[in-house]
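Asks: Got a predicted structure here, sequence first:
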Amino acid sequence: MAVLEKVRDRETVAQTAEAAGDSIAFAIVGSGGAGALTAGAILLEAAGKAGWYGLMTRSVGPQIRGGEAAALISLANRPVDCPAEEYDFLVAIDWRNVDRFAKEMPLAENALAIGDPAAGEVPAIIVNTGATLAQTELKELAGAIPGGRENMIAAGIAAGLAGLPIEIVMAVIASKLESKGQGAIDASRRCLEVGMQQARAYGKSYQLRAPSTNGNGRWLITGNEAVGLGAVRGGVRFAAAYPITPATEVLEWLSPSLRKIGGALLQAEDELASINMAIGASFGGRASITATSGPGLSLMVEALGLAIASEVPIVVVDVMRGGPSTGIPTKSEQSDLNIAVYGCHGDAPHIVVAPLSVRDCLFSAQWAVYLAEAMQTAAIILSDQSIGQARALIDSPIDNGFIAERKTVKSVSEEGYNRYAFTDDNISPMAVPGLPGGQYTADGLTHSIRGLPSTKGEDHQKQLDKRRDKVEKFDYGEHWAAIEHNVRDKSPPEFNLLTWGSLAGPAREAMRLLSNEGISVKLIAMRLIAPLRKQELLTELGETARTLIVEQTHSGQFHQYLRAKCDLPGEIRHFHRPGPQPIGPKEICDQIRDWKSS
Amino acid sequence: MAVLEKVRDRETVAQTAEAAGDSIAFAIVGSGGAGALTAGAILLEAAGKAGWYGLMTRSVGPQIRGGEAAALISLANRPVDCPAEEYDFLVAIDWRNVDRFAKEMPLAENALAIGDPAAGEVPAIIVNTGATLAQTELKELAGAIPGGRENMIAAGIAAGLAGLPIEIVMAVIASKLESKGQGAIDASRRCLEVGMQQARAYGKSYQLRAPSTNGNGRWLITGNEAVGLGAVRGGVRFAAAYPITPATEVLEWLSPSLRKIGGALLQAEDELASINMAIGASFGGRASITATSGPGLSLMVEALGLAIASEVPIVVVDVMRGGPSTGIPTKSEQSDLNIAVYGCHGDAPHIVVAPLSVRDCLFSAQWAVYLAEAMQTAAIILSDQSIGQARALIDSPIDNGFIAERKTVKSVSEEGYNRYAFTDDNISPMAVPGLPGGQYTADGLTHSIRGLPSTKGEDHQKQLDKRRDKVEKFDYGEHWAAIEHNVRDKSPPEFNLLTWGSLAGPAREAMRLLSNEGISVKLIAMRLIAPLRKQELLTELGETARTLIVEQTHSGQFHQYLRAKCDLPGEIRHFHRPGPQPIGPKEICDQIRDWKSS
Amino acid sequence: MNVQQQPAFKAGDYKSDITPIWCPGCGDFHVLLSATKALAELGTPPEKIAVISGIGCSSRIPAYTNCYGFHGVHGRSLALGAGLKVARPDLTVMVMSGDGDGFSIGGNHFLHACRRNIDMTYIVMDNRVYGMTKGQPSPTTEPDWDSALSPGGTGLSPFHPLVIALASGANFVARSFSGNIKATTQTIVEAVRHPGFSFVEILSPCVTFRPDESSWKTQTHSASVEATDDPARAARRIMTDDGFNVGILYRGKRKPYDIHVEDTFKDPAILGEEFAV
Amino acid sequence: MNVQQQPAFKAGDYKSDITPIWCPGCGDFHVLLSATKALAELGTPPEKIAVISGIGCSSRIPAYTNCYGFHGVHGRSLALGAGLKVARPDLTVMVMSGDGDGFSIGGNHFLHACRRNIDMTYIVMDNRVYGMTKGQPSPTTEPDWDSALSPGGTGLSPFHPLVIALASGANFVARSFSGNIKATTQTIVEAVRHPGFSFVEILSPCVTFRPDESSWKTQTHSASVEATDDPARAARRIMTDDGFNVGILYRGKRKPYDIHVEDTFKDPAILGEEFAV
Ligand SMILES: Cc1ncc(C[n+]2csc(CCOP(=O)(O)OP(=O)(O)O)c2C)c(N)n1
Ligand SMILES: Cc1ncc(C[n+]2csc(CCOP(=O)(O)OP(=O)(O)O)c2C)c(N)n1
Ligand code: SF4
Ligand code: SF4
Ligand SMILES: [Mg+2]
Ligand SMILES: [Mg+2]
């Protein structure tokens, strides 16, 4: 069994149950311009400096600007896999439209909800949670401090309740406000102090245990940034861009970053252009990428087929959002699996890789670049909004060593060059423009080994065989999935928990929770979606009679995809739901508990 | 069991074995400009006038013009389901590049191959077939007739061998040459006479038995034309067009035809425009269509999702060709099944209908329009080159009565109008622009019942549910498949033969051949691909332990699609191959015979 | 159109009860106001009007009107509009877009819509930025405008929508500034009335990502000369203008596209005849 | 480029051994000949040249040359070419297309390629018809040209490629006639040499679907005036020309796009630093 810790880092190591005080979750909400998100970001960074791990997601209203926003933050003494399902406290700068968010931040039993009496009555949806209500005059307190802002008072309250040392928070603020001068920094300190003082007055505390590490080498990164960095580590030097929510940050990170190291990003007029630009650049010998979301991927499938048929490597990032059509651009879903796997016309085998977490965006993107280049085909990275736009505190990730290495011809013999020649590993050495004698024409038409258009059945069959075999027979090692078993001595486990992509986080958390109850669960979180590693999967599913499949789609795309390719053994249950509501660990636990007791 | 003859016409009735003389197949080949295709078309039409059924396919070289071409013709006393696998005779105006075609027209054992000694040696590939070789000075004979042409001599030879009466052939020629004057007509007659005389000299004949009907009401039509006519019968009044091989003829037929009855075709700048034009027209209340092939469908998937999410009905014809990418534009394949079923991002249930034959293009297209309009969704018609560009002699088809009937609101009450309201049949009555008070905004964003953008989980889930249920719960009647059983008294049959779309023809022919050997086979030829009629399919598969699945793809897309959706009972074998070589009845028979004897 | 016979409409009759998601101060509020005023002046009943858009802040406009609307996918509004108008020539079709939607991803449809000259009105709310996706350069953005996606600017000379419209055959070409409600209203009225394809670029500031565009209020000035019907003259004028010249610049005389779906149909049975052997 | 140091090349060195599928007499044979002659004159070794195309009869050209080639999908050749040139500034990139590929489905990329002004050459073989799909009207087809798809003609005024090129920022604009090998060769040489985006429309008759185009031989005539570097003047001239005016019409002075991939790279490890807390 490919046990994770052997090959991967500590993030993926199964943890045993935690004592209380090992994690907290809180939210800061406010209407547009109130600065709730800024306050949240400062606290997250400070927590990292202090040595904690953490995750921040954000929820914003439909307004382009001026709409309400919530920063949802989880901090813990180990890497945080997914947003919390219960929040310990909530600081509301105001209550505007809080009912819009309330579902995303359910309050825990002994939670505290802090609001400003000047902002009006506490909304029923909050009162009804049974949380302890605390009133603090944020506006008044901020008004009393020259240059004071309510969101900094709120930050102080949250820091106080969470036990974040003021000096660390101030260090973050100081570096951010450098350009604004000492006055602004001092005002922030005053606000923090006042907020912390308030926090003490509530008589409650949600302090984390002191961190086990000092935070040295901790990183703060979003999934979209991590995809960009992973791609560049993998060898990408060219990107083509057309913005789209929630993928734009991949491109916005790549643009200045590529420039720094000698690469380039080209802004395209549309996605038809962006993917073709990437293909053109790759034809020129440069590992190339583009990033988009569902609507853009739809526009790219024709050229994806071209990359596959002409065997020009290319990486396309799809940061999934709610679908179909324009759907819900700002919310997550896993429903582009079908188009990613099956979206080309004709038979067009290619690679689909799904990052398992914010941190794994780095690994997966780097690996995907490597795979695309090694096999001269298209690789799709199926990330999603829930990890792409989440910001996480992680251990500084080492480079996984996967570097693009394209099989090329270095010189051409007298007999000439056959671009699409048959070889033992099914990969035809490629001539990169500039090589004398290597001239050939890349073609999306069915072609002979030389690359000339052909309507012959033999050419068609053999090139199709080659393109299938090169991806099917490639050695993907252990990376096709992250696999963990929570109670090692119970083997085979009582349950398999089979999922993919970003749902690895909640599924892993569910596995941890179940281990507290002694329920033995084996998690199989698939990273390599296509080609399906059928044998490996069946081996891992093993003799366990019960497998729960979890995914965030309406129609059950993942389950059907697995069914199409292999006979799943034993009893199968399937838990799936579309977005925008995330699927949380407790729901997954409930599914398994129900099953166990049935 | 939905026995076919109850609901459909005689084409689909199982036939018992035929005596020799009930069918012939022949080919006329020549280099570009030699007129082989013209000669073939004349003979086909004449055969129809004489009362026979028939099918003509054409094979052309890669040259745009001036390349060689072959007319492949089958005639019979019953509807011809697929191109022949063996040819009785071949008339070569010249031998240029004949090896390119040789695979597509294998000669039967006692075949005759006629060539002009002036055109050089008979190529080895023909000699090696063992066919009787006959030399006729086509060029010389034609030269001797003022205005004479070699292809007309060839037509005379073929007519003579097939037993087509000269007066009927002349009637066809006369109507075609009307504008060219009596001289041209007389020259053709002389050529025909000379050719027929030659035919007598060979001492061989492949005469068909006298036709059982007089050919009254017989039609000569291609699959692409039939799709156009079916669509218009179904109610289509608007088409948008961007040409692509092998779908262009659908559009070229629709353009003047729509104009004749008051409709309109709009030529678009690309496929992104054409599908959106069709959606716009449909939003305006007109049943609308566009036609394309794989590359164009790739460009349409984004807007397909829009039609599905905004619930604006639309029909897209995909006349499949070899893929992926530009592939083999002039040859057939079934490999767009995946993109047709799974090609949208997000969860986007819709309709996929596959015509079973040239004739069924009419039925299927008309039905597809009806389904799209009734359910306010997108319907894809998955035709392919093998039926789209084949010309068939069929019985004049009656209108199947399926007429677009969209559920609309006729007036709006005081409370206002909710475009996406929930109803018992899951179909929300639509307001057509012009109706006072019905104003709403159609939207591809997740929306409330009123049609306003929403990010709420409830709206998303319920609209997704509705769009799934409306297509899943619709009553498709018996039309989801054509079902036949060759040996009725052997029940359950020994074998199920499960296929889809254009492969219904060869599969039906295989079933007929096997009934000669007393092997009982039940053919299930699926017309409705999506949504899969799972229950009906399982019922039809019944207790038969052996099911052979046949399809023309490299990866087995149809088989995997079925697996994804249901547990196929009993033992399954799977015979599949990509294009361009058609899958013929004998190959299918061999599969079943092998299995039986194993 | 016989305006006399229509009931008298007010701008409010063309406005829906939905609160726009636009940022406070966004120029698009003014475009919405002008459009509804123009429709009231034209007097076509709201149910006979269709407002079609793509994706972007600006493209949210259909649901804010009380007309039939289609909020389609990014960049394809002109195609939706063309299909609708050919299928339903009785409707007034207004396509409303943004500079990204209309000139970047939608550029090809713009070219061909101008050329096709179907009788409809195309209004682009140009804020020289992708607003909805939070501030990337669009084809009309100045070359030195700094952004995350193009640090230091794109270095590209901006796209000239009016020149392209003219060069590809639009029959009516105008520019307006959203802040000038009266002129914008009048321009839209004339654009809708003019036969064939009418194009109006409305400079509509994005207060959030382009606060510098507040200067447009003073930068825009009316075209000093009368509209011409000579494309070459109009081209000359536009190619040398400063981009802030507002007014109607061209009124062409090309015949609008005239193929359309009729109101009544002949029996399609006649179409089968050609296939009888 | 230092031509002296290159070995001397002949046109044949740029021609492959593949027999074109074109109809006998197709104008594209002449384009191929002119292009190979031009490349020989330029003296860039074949392996340093990439010829990129889409789909169409004309787009088959890459494999008939002895350069690196990419026969992509329909309409996207300019995007392939742009990506290649930015990634590999050392290569000479020639994009070769048809009127359908380039101006119909590919129209948007044409607009934006002109605007972007990347240093490459765009040659469109304009036969005013979709040849490959057997005779449908293209954007440059005359309004009254009869065809199955548009019986009686489209009624649309043709697209003016040169005007659009100029209006959207191409840096070099020329027209040529395929039958005139010498002039076409020279025009291509100058187009490739000119910095930035160079556009050459070559009138290249389709003998099969447009036999009437045999008249082009006599209809075409050289531009009577010298090329200008003033886009407004060039526009005026082109907007009133008869479509058969051949020669170099515009040589611009815009700076080519200069963002590109370098030859050597810094270690990407430095990029991780910004994430350290
Ligand atoms: C196919 C596709 N690509 C990208 C996007 C993302 N997107 C949404 S709006 C937009 C730009 C809109 O810019 P503009 O038209 O100028 O509108 P504005 O928001 O500035 O009013 C983009 C790129 C999308 N929705 N669909
Ligand atoms: C996406 C897509 N749509 C349509 C086609 C079909 N198609 C192939 S070539 C062509 C037109 C080519 O016209 P042009 O560029 O003028 O080339 P020509 O053949 O006239 O040289 C079309 C429509 C295609 N291959 N791909
Ligand atoms: S982002 Fe700009 S364009 Fe969008 S609503 Fe706000 S101000 Fe208007
Ligand atoms: S069809 Fe026309 S363009 Fe195509 S090869 Fe023949 S002559 Fe040339
Ligand atoms: Mg904008
Ligand atoms: Mg052409």
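Replies: Cool, the structure landed. Ligands and ions are numbered 1, 2, ... in the order given.
Asks: Can you give me the domain boundaries for chain A?
Replies: What automatic domain parsing lists as the domains of chain A is A:3-201, A:220-394, A:407-474, A:478-597.
Asks: winner for burial among these?
Replies: domain A:220-394 (a mean of 28; mean count of other C-beta atoms under 10 Å in any protein chain shown). C-beta here means a position set from N, CA and C on the backbone, and glycine is covered the same way.
Asks: Between the two ends of that one, how far is it?
Replies: Terminal residues of domain A:220-394 are spaced 6 Å apart (C-alpha to C-alpha, to the nearest Å).
Asks: quick revisit: of the domains of chain A, which is nearest ligand 6?
Replies: Among the domains of chain A, domain A:407-474 comes nearest to ligand 6, with 18.1 Å by C-beta to the ion.
Asks: Report the separation between the two terminal residues of that closest one.
Replies: Terminal-residue distance, domain A:407-474 (C-alpha to C-alpha): 14 Å.
Asks: With stretch A:26-36 instead?
Replies: 12 Å.
Asks: Run through who's touching that stretch.
Replies: Applying C-beta atoms under 8 Å, 6 or more residues apart in numbering or on different chains, the external contacts of stretch A:26-36 come out as A:39-40, A:61, A:63, A:65-73, A:87-94, A:96-98, A:101, A:105, A:149-152, A:154-155, A:158, A:161-162, A:206.
Asks: Let's see that with 6 Å instead.
Replies: By C-beta atoms under 6 Å, 6 or more residues apart in numbering or on different chains, the residues outside stretch A:26-36 that reach it are A:39-40, A:65-73, A:87-94, A:96, A:98, A:105, A:151, A:154, A:158.
Asks: Is any residue of it near ligand 3?
Replies: No: applying C-beta under 6 Å from any ligand atom, one finds stretch A:26-36 separated from ligand 3 by no less than 10.8 Å.
Asks: what's the closest of the domains of chain A to D:Ala227?
Replies: domain A:220-394 (28.0 Å; C-beta to C-beta).
Asks: avg pLDDT for the closest one?
Replies: Average pLDDT, domain A:220-394: 98.
Asks: Can you give the distance of that domain from its chain's centre?
Replies: 13 Å (C-alpha atoms, centre = their mean, to the nearest Å).
Asks: on that earlier part again, near ligand 5 too, which of the contacts of stretch A:26-36?
Replies: With C-beta under 5 Å from the ion as the criterion, the contacts of stretch A:26-36 include none near ligand 5.
Asks: In helices, which of those residues appear?
Replies: A:Ala39, A:Gly40, A:Val98, A:Asn151, A:Ala154, A:Ala158 (DSSP state H).
Asks: Of the domains of chain A, give the one that comes closest to B:Glu269.
Replies: domain A:220-394 (12.9 Å).
Asks: pull the CA atoms of the helix or strand encompassing C:Lys182 into CSV?
Replies: C:Lys182 belongs to helix C:181-193 when assigned by DSSP states H and E. The C-alpha coordinates for helix C:181-193 follow below in CSV (Å, rounded to 0.1, in the frame of the first residue of the first chain):
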residue,chain,number,x,y,z
ILE,C,181,-27.8,61.7,-19.6
LYS,C,182,-29.5,64.0,-22.0
ALA,C,183,-27.0,63.5,-24.9
THR,C,184,-26.8,59.8,-24.3
THR,C,185,-30.6,59.5,-24.3
GLN,C,186,-30.8,61.3,-27.5
THR,C,187,-28.0,59.3,-29.1
ILE,C,188,-29.7,56.1,-28.2
VAL,C,189,-33.0,57.3,-29.6
GLU,C,190,-31.4,58.1,-32.9
ALA,C,191,-29.4,54.9,-33.0
VAL,C,192,-32.5,52.8,-32.5
ARG,C,193,-34.4,54.8,-35.1
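Asks: Report all helices and strands that the helix or strand just after that helix contacts.
Replies: Next helix or strand after helix C:181-193 toward the C-terminus (DSSP H and E): strand C:197-203. Judged by 3 or more C-beta pairs under 6 Å, 6 or more residues apart in numbering or on different chains; DSSP states H and E, the packing partners of strand C:197-203 are strand C:120-126, strand C:172-177, helix C:181-193.
Asks: Without its sequence neighbours, what residue ends up closest to A:Glu45?
Replies: Leaving aside its sequence neighbours, A:Glu45 sits nearest to A:Val172 (C-beta to C-beta, 6 or more residues apart in numbering or on different chains; 4.7 Å).
Asks: So, low pLDDT: which residues of the stretch 151-277 of chain C?
Replies: Low-confidence segments of the stretch 151-277 of chain C (pLDDT under 70): C:224.
Asks: What ranges does it have for its helices?
Replies: C:161-168, C:181-193, C:216-219, C:231-239 (DSSP state H, counting those that start in this stretch).
Asks: List the residues that contact the residue nearest to A:Gly438 when sequence neighbours are not counted.
Replies: Among residues not flanking A:Gly438 along the chain, A:Ala431 sits closest, at 2.8 Å (C-beta to C-beta, 6+ apart). For A:Ala431, the contact set (C-beta under 6 Å, 6+ apart) comprises A:Val409, A:Tyr417, A:Gly438.
Asks: And A:Ala431, how close does it get to A:Ser310?
Replies: Applying C-beta to C-beta, to the nearest Å, the value for A:Ala431 to A:Ser310 is 13 Å.
Asks: contacting residues around the closest residue to ligand 3 within the stretch 301-450 of chain A?
Replies: Nearest residue of the stretch 301-450 of chain A to ligand 3, counting by C-beta to the nearest ligand atom: A:Pro329, 13.7 Å away. Counting by C-beta under 6 Å, 6+ apart, A:Pro329 touches A:Thr245, A:Arg321.
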